[in-house]
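Student: have a look at this prediction, sequence included:
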Amino acid sequence: MPVTAIVGANWGDEGKGKITDALAGTSKYVVRFQGGSNAGHTIINEYGKIALHLLPSGVCRPGTINVIGPGVAFHAGNFFAELDNLANKGVPEPDIRLSERAQLVLPYHILFDELEEERLGARQFGSTKRGIAPFYADKYLKLGVQVADLYDPDRLLERLETALESKNVLLPHLYGKPQLSAGELAEQLLRDAEKLKRYVCNTTELLQQAWRQGESILVEGQLGALRDPDHGIYPYSTSSSTLAGFATVGAGLPPYAIDRVVAVTKAYSSCVGTGPFVTELHGEEAEELRKRGGDAGEYGVVTKRPRRVGTFDAVATRYGCMVQGATEVALTNLDVLGYLDEISFCTAYRTDAGETNVFPVNAKLERAQPVLEKMPGWRTDISGVRSFGELPAEAQAYVLRLEQLIGVPVKQISVGPHRDQLFTR
């Protein structure tokens, strides 16, 4: 069986959670391979509307093993809170495995995230203040704490003391805050360790064996291609790779294991956070789309901030699909556009160097203007449609035009937030 990667083609918020939840019905394993609690996937099923931040999007599927891989920024408090939320909604206890190699988001990561955004003021990057950038900074400075360290108290204390050496200099002198105690942090973490112990295992060995035996595996990314620190809109990016190419690293699988990459994109554009957004709409036009979009309006799952919205950006989406290595596209929220007489979308950028359909670096992107094309809208509710042939001719034409522009086949189409409002073309 192939390993399938479900990843974002844009800025995040594309609807990856719904696609993962739908495909998880035929998958034995669902794996989160990067990121932390700084973004969310919303799924709607028989248990209601569920916002997931850290847990894989297969937790509502009986028999599915949900893996938090070594590439994830793991926060114990958020993990337990999400499990409690699932229980409160009547979801049967999911089967969850936590990599012993995953590293911990610690209280000082969140503290430094908040303090640094405050210090930057108008220059801030729009952080969710979940500690992600400080976490990854520590990880690559070799100051991180692995889940496995929780079960060696002496090593845990030593790791915390090492990490706090420089932080306890910065806290009073740069931020005017008191120093932190490694001992107090260790006590809290050791309490968490007892509760976590039942989930911890060698997930790399688990997944390698499952793959060799031909089990079906979904690997699920957080955010989208344009938030990747290497290929995205840096510095308005996240701090871990959002690309399918990193999925095997963050999950612990061979680089050749993935042979299906589903890039998810909306039928229009949306994003939370700062940074260049060429097709952004403003005023009443934006507010109308924002109100109608998503499953209850376009608002961030984590931040609750209004999402910025715009017309479909074929330049950005083509680029996102390219760097993701997409073998197919899942197009979500097509139903949202049913109120429009005419639908605009971006086919190229107008830049200082002329017109282009190549996604540029940030220095050029920030001055780019969209070149728009228009097509007739379908002016009808398509939320009950369950096949491509049932779509109005105008909706079919719109999908086919987007497919032509991005150069990747559109295989799945979503016409509503519920699990059954998804069909394969």
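Tutor: Ah, there it is.

Student: show me what residue 50 bridges to in the sheet.
Tutor: Here residue 50 sits in beta bridges with residue 43, going by DSSP bridges.

Student: from residue 305, how far off is it?
Tutor: Separation of residue 50 from residue 305 (CB to CB, to the nearest Å) stands at 20 Å. Bear in mind the C-beta positions are built from the backbone N, C-alpha and C, glycine included.

Student: which residues does the strand or helix carrying residue 284 contact?
Tutor: Assigned by DSSP states H and E, residue 284 falls within helix 283-292. By CB atoms under 8 Å, 6 or more residues apart in numbering, the surrounding residues in contact with helix 283-292 are 268, 280-281, 297-298, 306-310, 336, 339.

Student: from those residues, pick the one nearest residue 389.
Tutor: residue 336 (20.8 Å; CB to CB).

Student: list only those of the contacts of helix 283-292 flagged as buried.
Tutor: Neighbour-count burial (16 or more other CB atoms under 10 Å) applied to these gives 268, 280-281, 298, 306-310, 336.

Student: would you turn these into TSV with secondary structure?
Tutor: As requested, the buried ones among the contacts of helix 283-292 are exported to TSV (DSSP: H, G, I helix; E, B strand; the rest coil):
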residue	secondary structure
268	coil
280	strand
281	coil
298	coil
306	strand
307	coil
308	strand
309	strand
310	strand
336	helix
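
Student: can you map out the helices along the stretch 251-400 of the chain?
Tutor: 283-292, 314-324, 362-365, 393-406 (DSSP state H, counting those that start in this stretch).

Student: I figured residue 200 hits residue 149, correct?
Tutor: No - Residue 200 lies out of contact with residue 149 (CB atoms under 8 Å); the separation is 11.3 Å.

Student: with neighbour numbers in mind, choose between those two.
Tutor: Neighbour tally, residue 200 and residue 149, criterion other CB atoms under 10 Å: the higher count belongs to residue 149, 21 against 18.

Student: SS state for that one?
Tutor: Classification of residue 149 using three-state DSSP returns helix.

Student: what is the helix or strand harbouring residue 157 packed up against?
Tutor: Following DSSP H and E, one finds residue 157 within helix 153-174. Helices and strands touching helix 153-174, as assessed by 3 or more CB pairs under 8 Å, 6 or more residues apart in numbering; DSSP states H and E, comprise helix 107-120, helix 182-196.

Student: quick check: mean pLDDT across the longest one?
Tutor: Right, the one you point to is helix 182-196. Averaged across helix 182-196, pLDDT comes to 95.

Student: list the buried ones in that helix?
Tutor: Neighbour-count burial for helix 182-196 [16+ other CB under 10 Å]: 182, 185-186, 189, 192-193, 196.

Student: now tabulate the helices and strands packed on helix 153-174 in TSV and tack on distance to residue 25.
Tutor: TSV is the format used below for these (distance: least, CB to CB, whole Å):
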stretch	distance to residue 25
helix 107-120	35
helix 182-196	28
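
Student: of those, which approaches residue 235 most closely?
Tutor: helix 107-120 (11.2 Å).

Student: against residue 329, how distant is residue 406?
Tutor: Residue 406 sits 7 Å away from residue 329, going by CB to CB.

Student: which neighbours do the two share?
Tutor: With CB under 8 Å, 6+ apart, residue 406 and residue 329 have common neighbours 9, 265, 321.

Student: so what's the last one up against?
Tutor: In other words, residue 321. Residue 321 touches 9, 225, 263, 265, 329, 406-408, counting by CB under 8 Å, 6+ apart.

Student: and stretch 189-205, how far apart are its ends?
Tutor: Using CA to CA, to the nearest Å, one end of stretch 189-205 lies 25 Å from the other.

Student: actually stretch 82-100, not the one I wrote
Tutor: One end of stretch 82-100 sits 20 Å from the other (CA to CA).

Student: likewise for stretch 372-388?
Tutor: Stretch 372-388 stretches 25 Å from its first residue to its last (CA to CA).

Student: want to throw the contacts of helix 283-292 into TSV with distance to residue 174 and pLDDT?
Tutor: Conversion of the contacts of helix 283-292 to TSV gives the following (distance: CB to CB, whole Å; pLDDT from 0 to 100):
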residue	distance to residue 174	pLDDT
268	42	97
280	35	96
281	39	95
297	39	75
298	37	83
306	32	84
307	33	87
308	32	92
309	37	95
310	38	96
336	45	96
339	50	96
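
Student: which among these gets closest to residue 361?
Tutor: Using CB to CB, residue 280 is the member of the contacts of helix 283-292 that lies nearest residue 361, at 18.7 Å.

Student: low pLDDT regions in the stretch 251-400 of the chain?
Tutor: Along the stretch 251-400 of the chain, segments meeting pLDDT under 70 span 295-296, 300-304.

Student: thinking again about what came up before, of all the helices of the stretch 251-400 of the chain, which one is nearest residue 159?
Tutor: The closest of the helices of the stretch 251-400 of the chain to residue 159 is helix 314-324. By CB to CB, the value is 34.6 Å.

Student: if we can go back for a sec, adding distance to residue 357, write the contacts of helix 283-292 out as CSV.
Tutor: Formatted as CSV, the contacts of helix 283-292 follow (distance: CB to CB, whole Å):
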residue, distance to residue 357
268, 19
280, 19
281, 21
297, 31
298, 26
306, 29
307, 25
308, 22
309, 22
310, 17
336, 25
339, 28
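
Student: give the bridge partners for residue 299, please.
Tutor: residue 306.
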